[in-house]
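J.: What follows is a predicted structure for the sequence shown.
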Amino acid sequence: MTVVQPDVTVVIGAYEAMPYLVDCLASVEAQTIGHARIEVIAVDDGSADGTGEYLEEFAERTSLDVTVIRQDNSGGPSGPRNVGLGKATGRYVFFLDADDRLGPEALERMVAMADRNGTDVVLGRVEGVNRKPPTSMWGQTLERTDVFSSNIKFTLSAQKLFRHAFLERHSMRFDESLWTGEDALFTMEAYLRADGVSVIADHTCYYLVGREDGKHVTRTGSHTLRFDSARALMNLIADMVPAGARRDALMVRPFLVTLLPQFGPKFLKDGEAVRREKLELAKPLVDAYWTGEVAHRLRVHERLRLQLVAMGRSDLLVEVLEFMKAKKTPETVLEKGGRRVYFAYPFFRDPSAGLPDALYLAEPREARKVPGYKEVGVDQLLRRAVRKARRVLTPAG
């Protein structure tokens, strides 16, 4: 008998996933791609709430090809995903969290997108259910792009379609030593190695479900785990991308999403010992990877806080955070005929602090919101360049 290779293997790592697992599996069963084209490998990671039993009942009654693996708890999502990936036989692999669910036609559309463009990774639009999803990458559908030409670096969760042969060629697996952010590491590596990435922005392919009990791995764990995650992602980017603007563009993600929240409102609640520890953990990361190019890509308050972290100035950082906590609006200072805007957060032009004006300088995307701002257009920049060239080239008379 000829065995037909499935188009897609859906890998579901499940731990204490009831009752969310019911809708999750129903969403797979409802996929329009056809049951013969789907393989499901579900790994119960030592659940005690009936998750394993429900998976086995589902496998018995569905016409889908379902393999259920039950194992002792591994402590995180990497282990179950790696087990499922090791058993996968499909042309593509999709990692589905047991709390979430697929959108209608998701697999059919994503497989067709990958086949049409020969891309190694496909992102399908994500919507949140009682949970905030990533948004900046869904501006338009992109048949073929990469991590440098789009905003996909801001969605590094594992819930993507990956070409199986591509993952095997690079021996890609999830890092089981990380307790959080393991999917960011895996997905960023895939983006960097991929022969093209596709984005489906005009159809919801995935529903990110917020559990009422709040049990999300990304919401739990100590601050040291966040620094482990940031360090791993920054080191991966540095290993794979030479120093320069392209590396800095990617470094924005771990600085902004992983590191900066440790120096937000929660920092005010931290004891002095924890504050010192956070600054010590951040120091080697900012020393190695915090550059002017990264800084200018951030908003003023983000850039200012990270610069104070880089300087080890916990005292100044606390005052900035207190200012923000009070929901105060910084005064805007317009100079150069309105072409330059500063946001006067604490210590702006304070000689005792010695912080450069550039920290407070608004980039155009922020400055445009300020009445009286006059953006310098390309034609004005060209005229300036011509005038400068003339001054340089005109001989002194």
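T.: Ah, there it is.
J.: okay, now the domains of this protein?
T.: Domain ranges of the chain: 8-219, 222-328, 329-397, per automatic domain parsing.
J.: most tightly surrounded among those domains?
T.: Mean neighbour count (mean count of other C-beta atoms under 10 Å) peaks for domain 8-219 among the domains of the chain, with a mean of 19. (C-beta placed from N, C-alpha, C; glycine too.)
J.: Distance from it to the middle of the chain?
T.: Here domain 8-219 is found 15 Å from its chain centre; the criterion is C-alpha atoms, centre = their mean, to the nearest Å.
J.: returning to what we had before: output the domains of the chain as JSON lines; include the columns mean pLDDT.
T.: Formatted as JSON lines, the domains of the chain follow (pLDDT from 0 to 100):
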{"stretch": "domain 8-219", "mean pLDDT": "95"}
{"stretch": "domain 222-328", "mean pLDDT": "96"}
{"stretch": "domain 329-397", "mean pLDDT": "81"}
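J.: Tell me where this protein has strands.
T.: For the chain, strands defined by DSSP state E occupy the ranges 8-14, 38-45, 65-71, 92-97, 101-102, 121-129, 142-145, 161-163, 197-209, 331-335, 340-344.
J.: got JSON lines for these, with distance to residue 296 too?
T.: Shown next, in JSON lines, are the strands of the chain (distance: least, C-beta to C-beta, whole Å):
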{"stretch": "strand 8-14", "distance to residue 296": "39"}
{"stretch": "strand 38-45", "distance to residue 296": "43"}
{"stretch": "strand 65-71", "distance to residue 296": "47"}
{"stretch": "strand 92-97", "distance to residue 296": "35"}
{"stretch": "strand 101-102", "distance to residue 296": "39"}
{"stretch": "strand 121-129", "distance to residue 296": "27"}
{"stretch": "strand 142-145", "distance to residue 296": "23"}
{"stretch": "strand 161-163", "distance to residue 296": "33"}
{"stretch": "strand 197-209", "distance to residue 296": "26"}
{"stretch": "strand 331-335", "distance to residue 296": "18"}
{"stretch": "strand 340-344", "distance to residue 296": "14"}
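J.: With residue 169 as the reference, name the closest of these.
T.: Minimum separation from residue 169 across these (C-beta to C-beta) falls at strand 161-163, 9.1 Å.
J.: and that closest one, what other elements does it pack with?
T.: When contacts are defined as 3 or more C-beta pairs under 8 Å, 6 or more residues apart in numbering; DSSP states H and E, strand 161-163 packs onto strand 92-97, helix 106-117, strand 121-129.
J.: What strands flank that strand, and is each parallel or antiparallel?
T.: strand 92-97 (antiparallel), strand 121-129 (antiparallel) (DSSP bridges).
J.: returning to that earlier point: let me have the helices and strands packed on strand 161-163 in TSV, adding distance to residue 37 as columns.
T.: Below are these laid out as TSV (distance: least, C-beta to C-beta, whole Å):
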stretch	distance to residue 37
strand 92-97	10
helix 106-117	8
strand 121-129	15
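J.: and the gap between residue 171 and residue 118?
T.: 21 Å (C-beta to C-beta, to the nearest Å).
J.: swap that for residue 258, sorry
T.: Residue 258 sits 32 Å away from residue 118, going by C-beta to C-beta.
J.: Residue 236 too?
T.: Residue 236 is 25 Å from residue 118, where distance means C-beta to C-beta.
J.: what's the answer for residue 162, then?
T.: Separation of residue 162 from residue 118 (C-beta to C-beta): 14 Å.
J.: cool, residue 322 as well?
T.: Distance from residue 322 to residue 118, by C-beta to C-beta: 53 Å.
J.: Enumerate every residue touching the nearest residue to residue 67 once chain neighbours are set aside.
T.: Leaving aside its sequence neighbours, residue 67 sits nearest to residue 41 (C-beta to C-beta, 6 or more residues apart in numbering; 4.9 Å). Residue 41 makes contact with 9-12, 66-67, 69, 84, 87-88 under the criterion C-beta atoms under 8 Å, 6 or more residues apart in numbering.
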